[in-house]
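In: predicted model and sequence follow; I will ask about them next.
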Amino acid sequence: MLAAGTVVSAALLLVLGVLLGTHWGSAAGTPAADSVEVGFAHDMQAHHRQAVEMSTLVRDRTDDPDVRQLALDIALTQQQQAGQMFAWLETWGVGQGRTEPVMAWMDEVPGGHAGHGMDLPEGGLGSVAEMPGMATAEQMARLEAADGVEAERIYLQLMATHHVAGVEMAEAGAEGSELPVVQRLATAMATGQQSELLVLDDLLAERGGPLDDL
């Protein structure tokens, strides 16, 4: 399990994210329920939740300081960002319930799904589990059952795939949104995850590279 101090830090960052999101979201205007902004916030929150879950799992399954530090950085960053997006949705009066299909907002982004490297059906997806980059239930179970170097390799490989899709989604959100607050956070997400991808790839290569059966 995460140490008590880490849990407190994650909780504080979530609260900070909510406060920041409430402040900036209220100043930015109120997008419609079917807007790029609302769809992006819903979907990226869900995407971030799995990244936090994977990062928490691997920290319980390895003593490697480099992997543990990277996982902590990813978990805390994405927890804070998720808090901001949660607050946007509340401030905009939309709440956490969806009215549009998953990823349907991408239809409104210039270039659509294809223009951002995603092969998705027009009109969105049927569930969050189908989102690009999401680890399957079987892959998550495999990570949960592993330990040591095996857990590290599974985590690094799954998170790299997760980040590639996260960057594409963030870039689409930045391009498709008309609100500066969303553009700024989405751009920061893309930049941060691109940097983390370099570290993920390096750490995975040091451990023998991708697993063929994952």
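Out: Great, that's in hand.
In: low-confidence stretches in this protein?
Out: 1-29, 111-118 (pLDDT under 70).
In: check which element follows the longest helix seen in the chain along the chain.
Out: When the chain is parsed with DSSP state H, its longest helix is helix 148-176. With elements assigned by DSSP states H and E, the helix or strand that comes after helix 148-176 is helix 180-206.
In: that next one: how far from the chain's middle?
Out: 10 Å (C-alpha atoms, centre = their mean, to the nearest Å).
In: which elements pack onto that helix?
Out: On a contact count with 3 or more C-beta pairs under 8 Å, 6 or more residues apart in numbering; DSSP states H and E, helix 180-206 meets helix 4-27, helix 36-59, helix 65-91, helix 148-176. Bear in mind the C-beta positions are built from the backbone N, C-alpha and C, glycine included.
In: test my guess that residue 163 contacts residue 133.
Out: Yes. Judged on C-beta atoms under 8 Å, residue 163 makes contact with residue 133 at a distance of 7.3 Å.
In: between the two, who's got more neighbours?
Out: residue 163 (25 against 20; other C-beta atoms under 10 Å).
In: once you drop chain neighbours, what's closest to residue 58?
Out: Excluding the flanking residues, the one nearest residue 58 by C-beta to C-beta, 6 or more residues apart in numbering is residue 155, at 3.9 Å.
In: now do the one you found against residue 79, distance only.
Out: 17 Å (C-beta to C-beta, to the nearest Å).
In: geometric centre of the chain: which residue is closest?
Out: residue 48 (2.8 Å; C-alpha atoms, centre = their mean).
In: could you check how far that residue is from residue 134?
Out: If you go by C-beta to C-beta, the gap between residue 48 and residue 134 works out to 11 Å.
In: same deal with residue 78?
Out: Distance of residue 78 to residue 134, given as C-beta to C-beta: 14 Å.
In: neighbour-wise, which of these two wins?
Out: residue 78 (26 against 20).
In: tell me the contacts of the more buried one?
Out: For residue 78, the contacting residues are 48, 51, 52, 55, by C-beta atoms under 8 Å, 6 or more residues apart in numbering.
In: wait, the first one sits on residue 80?
Out: Looking back up the chat, that one is residue 48. No. With contact defined as C-beta under 8 Å, residue 48 does not count as touching residue 80 (9.5 Å).
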